[in-house]
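In: With the sequence up front, the predicted model follows.
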Amino acid sequence: MAEAKLALQRFTTKWGLIISVLGIAVGTGNIWRFPRIAAQNGGEEGAGVFILAWVISLLLWSIPLIIAEYALGRNGRRGVIGSFIKLLGAKFAWMGGFIGFVATAIMFYYSVVTGWTMYYLAQSLFVPLPADMETANAVWDSFQGSMMPSVFHAAAIMLAGLVVFKGVKMIERVNLFLVPTLLVILIIAGIRAITLPGSGAGLTYLFTPDWSMLGNGRIWLEALTQNAWDTGAGWGLILTYGAYMRKNDRIIKSAFQTGIGNNLVSLWAAVTIFATVFAILGAGMTQAQIVEVMQTSGPASTGLTFIWMPQLFLEIPGGRAFAILFFLALMFAAFSSLIAMIELATKVLVDSGWLRYKATGLVCILGFIFGLPSALSLDIFANQDFVWGVGLMVSGFFIALGIIKFGADRFASEILCMDEAVKSVHRLWTFLIKYVVPAEACILLGWWLYQSVFVFAPDSWFNPFDLYSFATFVFQTGVLLILLLVFNKRIVAAQR
């Protein structure tokens with residue numbers, strides 16, 4: 001009886017929903033990944049063209065998928081598998097299963113990243129900031145060479161699990177604290193950054209378009225990939241929270257608020273980091289050299305955030321407080337996203353009749369076990385990030401494909417019909433979900449696999465044990481798809 005009542009829970013307010021979904025969208029992809037990707041895709045004059053392509057990607061990929069996820073969740077009132085069964089019938093449970101597993105596989109190593117942010121917050125609180133690259137690398141290497149990544153990985157899983165265990169009302173309460181606090185911290189940090197002498201050069205570079213880059217297809221593909229990553233569109237996470245939407249919450253408006261809010265946070269994070277890096281390094285380096293520092297990923301893409309930024313904070317008056325704020329914001333961003341990933345898997349088990357506390361406990365135990373390899377090895381971490389990051393493109397494609405099979409016009413009229421705003425965007429949304437999103441997914445998937453064959457692993461693309469090979473993606477996702485198809489009937493039976 002208690003579990004039945006829990007299953008009927010809803011977000012108590014519209015802003016509880018929006019803030020919680022922003023908690024999904026605003027993660028390490030905004031603060032850790034976006035500034036680095038913007039720098040990597042800037043031209044000699046600036047990164048403005050990448051910013052333009054990224055905003056267009058929000059409108060052509062992320063918002064259409066966010067609308068679809070909200071609607072699927074509210075319509076099904078179940079997790080990803082149950083929602084696909086309700087939409088398409090029992091034969092397509094495997095499709096929801098694929099989307100759910102990809103997000104869960106990301107959760108396995110995302111909790112490791114969350115642990116890194118917790119460790120660096122502790123470092124900024126109790127240990128002097130590193131004075132040079134050698135010291136910063138030594139901190140990172142010492143951390144990775146110990147059992148501490150596993151300890152913090154366990155702590156991250158446990159803390160997020162405690163929130164999910166209490167159900168959607170606790171998820172809402174925690175996000176209503178985490179997300180506004182995160183935004184306040186970012187605002188304070190950003191204001192401090194742009195007041196530094198020389199910060200204007202960083203902002204100029206960030207927003208100045210190098211029009212010679214406009215016809216560069218790689219820029220557009222990287223922008224689309226980044227927007228798919230940092231909005232959370234196509235992951236199934238928004239679908240899961242959509243199951244807790246109130247009946248009168250407006251899907252179209254909520255989707256735009258979510259997508260635009262997420263992009264504004266990413267831009268502000270980039271403003272903060274570009275301003276800080278240019279202000280501090282500008283006295284001794286050329287623009288090209290500074291951009292090169294920002295482009296350098298380091299081990300597991302950690303260079304800018306975990307190696308360079310702590311050094312840079314040392315050069316700022318009050319830099320220790322700045323460092324504490326930065327890593328606190330990063331930890332809050334990671335933690336709010338991790339909660340959603342654990343909830344996705346937990347919701348699937350609850351739909352299958354599990355008591356929530358047992359479902360949450362199992363998800364956290366498996367999350368710790370399957371995340372341990374990534375905590376212990378940066379090579380495994382990098383491999384999982386590559387495979388399931390590309391897998392997100394397939395997830396987005398499956399969401400669009402499911403709606404196409406159901407009938408995009410029928411979906412809009414029958415499932416989105418309660419939302420008055422849909423009348424003005426009906427035709428545009430159905431066109432995007434029927435043609436543009438599937439085409440984008442196929443192009444992105446083809447591009448990343450092309451990269452794996454000809455750029456990442458040209459001599460070992462056929463080796464399933466190579467970190468970035470074509471074969472490792474095909475092998476891991478292929479095994480998943482085969483298992484889901486073989487056990488489709490059992491998955492359906494469990495959901496009933």
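Out: Noted; the coordinates are in hand.

In: Return the distance of A412 relative to G242.
Out: Separation of A412 from G242 (Cβ to Cβ, to the nearest Å): 16 Å. Backbone N, C-alpha and C define where each C-beta goes, glycine included.

In: Tell me which of these two has more neighbours.
Out: Here A412 and G242 are set side by side on neighbour count (other Cβ atoms under 10 Å), and the busier one is G242, at 27 against 22.

In: doesn't R77 make contact with that one?
Out: No: G242 is not in contact with R77 according to Cβ atoms under 8 Å; the separation is 9.1 Å.

In: shaky segments in the stretch 251-400 of the chain?
Out: Within the stretch 251-400 of the chain, the stretches falling below the threshold (pLDDT under 70) are 297-303.

In: those helices in it, which residues are they?
Out: With DSSP state H, counting those that start in this stretch as the definition, the stretch 251-400 of the chain shows helices at residue ranges 251-281, 287-295, 309-314, 319-351, 356-376, 378-406.

In: ok, now the stretch 101-250 of the chain?
Out: With DSSP H, counting those that start in this stretch as the definition, the stretch 101-250 of the chain shows helices at residue ranges 133-144, 148-165, 168-194, 199-207, 217-231, 237-242.

In: sorry, back to before: most packed of the helices of the stretch 251-400 of the chain?
Out: Among these, the stretch with the highest mean neighbour count (mean count of other Cβ atoms under 10 Å) is helix 319-351, at a mean of 25.

In: For the helices of the stretch 101-250 of the chain, give me a markdown table that also has distance to F465 and mean pLDDT.
Out: As requested, these are exported to a markdown table (distance: least, Cβ to Cβ, whole Å; pLDDT from 0 to 100):
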| stretch | distance to F465 | mean pLDDT |
| --- | --- | --- |
| helix 133-144 | 21 | 87 |
| helix 148-165 | 22 | 96 |
| helix 168-194 | 38 | 90 |
| helix 199-207 | 39 | 94 |
| helix 217-231 | 24 | 90 |
| helix 237-242 | 30 | 93 |
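
In: which stretch among these comes nearest S62?
Out: Taking Cβ to Cβ as the criterion, helix 217-231 is the member of the helices of the stretch 101-250 of the chain that comes nearest to S62, at 4.2 Å.

In: any residues touching that closest one, and which ones?
Out: Helix 217-231 is touched from outside by 25, 27, 29-30, 33-34, 37, 40-41, 49-50, 53-54, 56-58, 61-62, 66, 213, 233-234, 258-259, 262-263, 266, 389, 392-393, 396, 440, 443-444, 447-448, with contacts defined as Cβ atoms under 8 Å, 6 or more residues apart in numbering.

In: and if you look at stretch 473-485?
Out: Around stretch 473-485, the neighbours that count as contacts under Cβ under 8 Å, 6+ apart are 93-94, 97-98, 101, 386-387, 390-391, 394, 449, 452, 464, 491.

In: between those, which is nearest C364?
Out: The shortest distance between C364 and any of the contacts of stretch 473-485, using Cβ to Cβ, involves F101 and amounts to 16.6 Å.

In: Which residue, other than its chain neighbours, is closest to that closest one?
Out: Counting by Cβ to Cβ, 6 or more residues apart in numbering, F101 lies nearest to L480, which is 5.9 Å off, once chain neighbours are set aside.

In: And that neighbour, how far from D249?
Out: Distance, L480 to D249, by Cβ to Cβ: 33 Å.

In: And for G242?
Out: When Cβ to Cβ is applied, the distance between G242 and D249 equals 9 Å.

In: Also S395?
Out: Noted for S395: a distance of 24 Å to D249, by Cβ to Cβ.

In: How about L129?
Out: Using Cβ to Cβ, we find L129 at a distance of 44 Å from D249.

In: Repeat that for L378.
Out: Shown here: L378 relative to D249, a distance of 41 Å by Cβ to Cβ.

In: circling back: nearest to L428, of the helices of the stretch 251-400 of the chain?
Out: Ranked by Cβ to Cβ, the member of the helices of the stretch 251-400 of the chain that lies closest to L428 is helix 251-281, at 10.8 Å.

In: tilt between the closest one and helix 217-231?
Out: Following axes from the mean of the first three to the mean of the last three Cα atoms, to 10 degrees, one obtains 110 degrees for the angle between helix 251-281 and helix 217-231.

In: Now find how far off-centre helix 251-281 is within its chain.
Out: Relative to the centre of its chain, helix 251-281 is centred 14 Å away, using Cα atoms, centre = their mean, to the nearest Å.

In: Helix 319-351 and that one, what's the angle between them?
Out: Here helix 251-281 runs at 150 degrees with respect to helix 319-351, directions being taken by the same axes, to 10 degrees.

In: List the contacts of the closest residue to N41 other than its chain neighbours.
Out: Spatial nearest neighbour of N41, excluding adjacent residues (Cβ to Cβ, 6+ apart): F50 at 4.1 Å. Contact criterion Cβ under 8 Å, 6+ apart gives 37-38, 41-42, 213, 219, 222-223 as the residues in contact with F50.

In: which of the residues you listed lies closest to I365?
Out: Distances from I365 to the contacts of F50, taken by Cβ to Cβ, are shortest for I37, at 33.8 Å.

In: roughly how far apart are that closest one and S377?
Out: The gap separating I37 from S377 is 24 Å, by Cβ to Cβ.

In: I figured A156 hits W116, correct?
Out: No: using Cβ under 8 Å, A156 is not in contact with W116, being 9.2 Å away.
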